[in-house]
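Student: All I have is the shape, not the residue letters:
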């Protein structure tokens, strides 16, 4: 008899075999996509941690929110230290050569130099646009001249997508300084503001010992 002891599976009709094959391919494709997406997210987290110390150091030095710096790096290069755009922007924060020279960046592919130069540029843009996040990001992407020419965000699809992408995670209308401000009242009852956390802790300790 056909199939008896032959070790072969059931004789599926051709159309059924094709359908099973297509379903298997679709399942494999979906699994591959999900695996790749998970690996990309994991890599992004790992790279963020890799550069976090440098980002926080520059953010503290120039009073720029480290989360903003990370958001810009992610949008500009996705943490690719050696990224080069078609327009000639270079490194983690995608500095144009003229911008890099202006801020004293000698090696654009050195992570610390590139981040410091980019953060200094962000700091100047924050001052120029009074901390308005959308204008700061528009100028970083399209240039200050484009923002001036259009009296605001330029009507460029790339720039609008760039701003929307960053603000989907960094959803602050205004950019504040990177240093956290602590407050306490001195012995005369006056409010004191400081970015020195240790000073605040000493004050709290002294109060608890009374």
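Tutor: Sure thing, it's come through. Keep in mind it's a predicted model, so treat the numbers as computed, not measured. Residues are numbered from 1 along each chain as shown.
Student: Could I get the full set of helices for this structure?
Tutor: Counting by DSSP state H, the segments of the chain that form helices are 14-62, 66-76, 97-102, 111-128, 133-142, 144-150, 157-167, 197-208.
Student: Let's test this: mean pLDDT of the last one, rounded?
Tutor: Translated: helix 197-208. The average of the pLDDT scores along helix 197-208 is 57.
Student: For the remainder of this discussion, apply numbering that starts at 311.
Tutor: In the new numbering, first residue 311, that becomes helix 507-518.
Student: Residue 436 versus residue 476, what's the distance?
Tutor: Remark: distance between residue 476 and residue 436 (Cβ to Cβ, to the nearest Å) = 14 Å. For the C-beta atoms, the positions are set from N, CA and C on the backbone; glycine is no exception.
Student: Quick one: residues contacting residue 383.
Tutor: For residue 383, the contact set (Cβ atoms under 8 Å, 6 or more residues apart in numbering) comprises 361, 365, 389, 402, 403, 425, 428.
Student: Quick check: the two most widely separated of the residues you listed?
Tutor: Checked with Cβ to Cβ, these reach their widest spread between 389 and 428, with 12.9 Å between them.
Student: wait, isn't residue 425 in contact with residue 363?
Tutor: No - applying Cβ atoms under 8 Å, one finds residue 425 not in contact with residue 363, separated by 10.4 Å.
Student: Compare those two and say which is more crowded by neighbours.
Tutor: Taking other Cβ atoms under 10 Å, residue 425 and residue 363 do not tie; residue 425 has more neighbours (25 against 10).
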